[in-house]
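1. I would like to see how this sequence folds:
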Amino acid sequence: MNVTTERLDKVKVAVTIEVDQDRFDAAVMDAYKSMAPKINVDGFRKGHAPKAVIEKVYGAEIFYEEAVNMLIPRVYIDVMKEHQEEVQPIAKPDFEIVQLEKGKPFIFKATVDTKQEIALGEYKGLEIEKIEEAVTEEDMNQYLDDMRSKHAQIEEVTDPEATVANGDMVTLDFCGKKDGVAFPGGTAEGYALGIGSHSFIPGFEEQMIGMKIGEERNLELTFPENYQEPTLAGQPVIFEVKVHEIKRKVLAPLDDEFAKDVSEFDTLAEYKADVEKMLTERKKEAVKMQYKANITEKVTEGTDVVPPESMVQAEADNYLNDLAFQMRQQGIELEKYLDLVGGSLDDVKADCRNRAEGFVKQRLVLEAIAEKENIEVSEEEVDAEFAKLAEMYKQPVEQVKQVFTMQGQYPAVKRNVLLEKVTDFLLENAKIG
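-> Residues are numbered from 1 along each chain as shown. Purely as a prediction, here's the structure:
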């Protein structure tokens, strides 16, 4: 085979391959054997017409598409093995047929993202700013308030003079109108809305504060400029709302009885001491993670790494799919959620892509450091990571390992362990202060 390579940029390489005629002919014969049983030719039983007869009736090109589909992946793999020092693919290639004509050599091109040489800057002895690890009184109060809210009693408000306040759960009817006409998706009855949840477009929940049970009010609002429905983006509308019910959390007093209800301790003092210990451990771990994030960002800034498009797009798709899954877990589709909050799918995709670019750049730099420092991952370390995943999913370790392996995620788990080892290495060699 005749193979030529062209580096298009720091990452992409175009590999043009002229396939040997005998190999192409063999692929055409394989295509004939695969397709013949489905081809009708007058004078022959179905599936028994000779190859030459079929080509005479339908043209020699009848087998080309099938032959090419079978041939390209095989030839590409063989070529990559022969040129592995010159071209090291890191993603699936894009194939393009350059020449496919009777009597001429078959030529195709594979364009693929490849491993790049990264010029690493300084990554040992880097200075990072110290982060305060002590648990503050504010941290304690916030946690205790959250616990009181979590264990609060939800009571219906019966006082006719009571008004909607931030934090209330309100049952309401609403009808959104533009120029006096109700628009699709803007009407509901008996809808439960948490005031302060920011579930609706800006201003909706804020303008409901102060309403009484049974009260009707027109909310004058404007949809965000980036709203995904073009006919509503940036447009002024009126939502006609009516409050049917108000429910409110009643917080328990912060005393010994509360401590007994939410913990294994008999006194508030004992409970607070345990909370402080737990928060200290949490904050210590959070600070460590922040240190690692800061130093990884600093190390990446000092390189010439280029994020390959294929990796960025794959990672961005993962972020978007994860977000959509999280929304479905909460009982709402992503598109519907964006409608309610006035968000744009394009903006979400742009944010996912931005995050993906940063992640891919950092990943490639950390992998380059691992290679330079001979940092490797043992099977025991991978097994330990699967044990953590099993604990998180509350499933047997072997079952989790099997599922990840069958889904092709085993390499990703191993890679994550490697990246953690590299960031630990960077942190150990950093100067904090």
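2. quick one: contacts for the residue nearest to the spatial centre of the chain?
-> Centroid-nearest residue in the chain: residue 319, 1.3 Å away (criterion: CA atoms, centre = their mean). When contacts are counted by CB atoms under 8 Å, 6 or more residues apart in numbering, residue 319 is found next to 352, 355-356. In short, each C-beta sits where N, CA and C put it, glycine included.
3. please enumerate the strands of the stretch 1-150 of the chain.
-> For the stretch 1-150 of the chain, the strands defined by DSSP state E, counting those that start in this stretch occupy 2-7, 12-18, 94-99, 107-113, 127-128.
4. in the helix or strand containing the residue nearest to the centre of the chain, which residues are buried?
-> Using DSSP states H and E, residue 319 sits in helix 309-329. Neighbour-count burial for helix 309-329 flags 310-312, 315-316, 319-320, 327 (criterion: 16 or more other CB atoms under 10 Å).
5. in CSV: the residues you listed, plus pLDDT and distance to residue 128.
-> Below are these laid out as CSV (pLDDT from 0 to 100; distance: CB to CB, whole Å):
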residue, pLDDT, distance to residue 128
310, 90, 32
311, 91, 27
312, 94, 27
315, 92, 25
316, 94, 28
319, 91, 26
320, 93, 31
327, 87, 35
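6. now those residues as JSON lines including distance to residue 364?
-> Output for the buried residues of helix 309-329, formatted as JSON lines (distance: CB to CB, whole Å):
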{"residue": "310", "distance to residue 364": "13"}
{"residue": "311", "distance to residue 364": "8"}
{"residue": "312", "distance to residue 364": "11"}
{"residue": "315", "distance to residue 364": "12"}
{"residue": "316", "distance to residue 364": "16"}
{"residue": "319", "distance to residue 364": "17"}
{"residue": "320", "distance to residue 364": "21"}
{"residue": "327", "distance to residue 364": "30"}
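7. quick check: which ranges of the stretch 251-400 of the chain have low pLDDT?
-> The stretch 251-400 of the chain contains no residues with pLDDT under 70.
8. which stretches of it form helices?
-> Along the stretch 251-400 of the chain, the stretches classed as helices by DSSP state H, counting those that start in this stretch are 256-262, 268-301, 309-329, 334-341, 345-373, 379-393, 397-406.
9. so what does the helix or strand residue 423 falls within touch, helix or strand wise?
-> Using DSSP H and E, residue 423 maps to helix 410-428. Counting contacts by 3 or more CB pairs under 8 Å, 6 or more residues apart in numbering; DSSP states H and E, helix 410-428 is packed against helix 268-301, helix 345-373, helix 379-393, helix 397-406.
10. buried ones in the third one?
-> In this case it means helix 379-393. Applying a neighbour-count criterion of 16+ other CB under 10 Å, one finds 382, 385-386, 390 buried in helix 379-393.
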